[in-house]
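Q: any chance you could fold what I've pasted below:
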Amino acid sequence: MTIDKSLKVRAGMISNRNVLTRAEKIAKLEEQDRWEEGDAVLGLPKVRVEKISLKKKKKTKKADEEEAKK
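A: So this is what the prediction gives:
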C-alpha cells in the first residue's frame, strides 16, 4: 500500500518541535551559562524553543533561463 501525497513529509516542510530532549536542554543552558557540570539533570529550568521560518528562495535569471531551455 502506498502513502497518500498529503501525508508524505517533504524536506522543507518539517514542522518545528516544541519539546526538547534533556540533552538538547542542557546544551542550550550551557550556551546561556545557566547550567554547569555537576548540576542536577532533573527539574531543569524551561528553555525557549526558537522557531525557524523557511523563506522561499527567489529565482535568479540563470535558473529561469535553464528551466526555459528544458
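
Q: and residue 26, what are its phi and psi?
A: phi -60, psi -40 (degrees, to the nearest 10).

Q: with adjacent residues omitted, what lies nearest to it?
A: Spatial nearest neighbour of residue 26, excluding adjacent residues (CB to CB, 6 or more residues apart in numbering): residue 35 at 5.9 Å. For glycine as for every other residue, the C-beta is placed from the backbone atoms N, C-alpha and C.

Q: in contact with residue 37, which residues?
A: Listed by CB atoms under 8 Å, 6 or more residues apart in numbering, the contact set of residue 37 is empty.

Q: for it, what is the enclosing helix or strand?
A: Take DSSP states H and E as the rule and residue 37 turns out to sit in neither a helix nor a strand.

Q: what's the spacing between it and residue 48?
A: Separation of residue 37 from residue 48 (CB to CB, to the nearest Å): 23 Å.

Q: mind checking pLDDT for the residue nearest to residue 26?
A: Looking at residue 35, its pLDDT is 89.

Q: now swap in residue 13 and tell me
A: 58.

Q: tell me which helix or strand in the protein has the weakest average pLDDT.
A: One helix or strand of the chain scores below all others by mean pLDDT, DSSP states H and E: helix 61-69, with a mean of 66.

Q: just for the chain, where's the confidence low?
A: Counting by pLDDT under 70, the chain shows low-confidence ranges at 9-16, 52-55, 57, 59-70.

Q: residue boundaries of the helices in it?
A: 22-31, 61-69 (DSSP state H).

Q: neighbours of the closest residue to residue 22 other than its chain neighbours, just the number please.
A: Distance criterion CB to CB, 6+ apart; nearest residue to residue 22, sequence neighbours excluded, is residue 41 at 6.3 Å. Residue 41: 10 surrounding residues under other CB atoms under 10 Å.

Q: the residue nearest to residue 26 is in contact with residue 44, isn't it?
A: Yes. Using CB atoms under 8 Å, residue 35 is in contact with residue 44, at 7.5 Å.

Q: so between these two, which is more surrounded?
A: residue 35 (19 against 16).

Q: list the contacts of that one.
A: 26, 29, 44 are the contacts of residue 35 under CB under 8 Å, 6+ apart.
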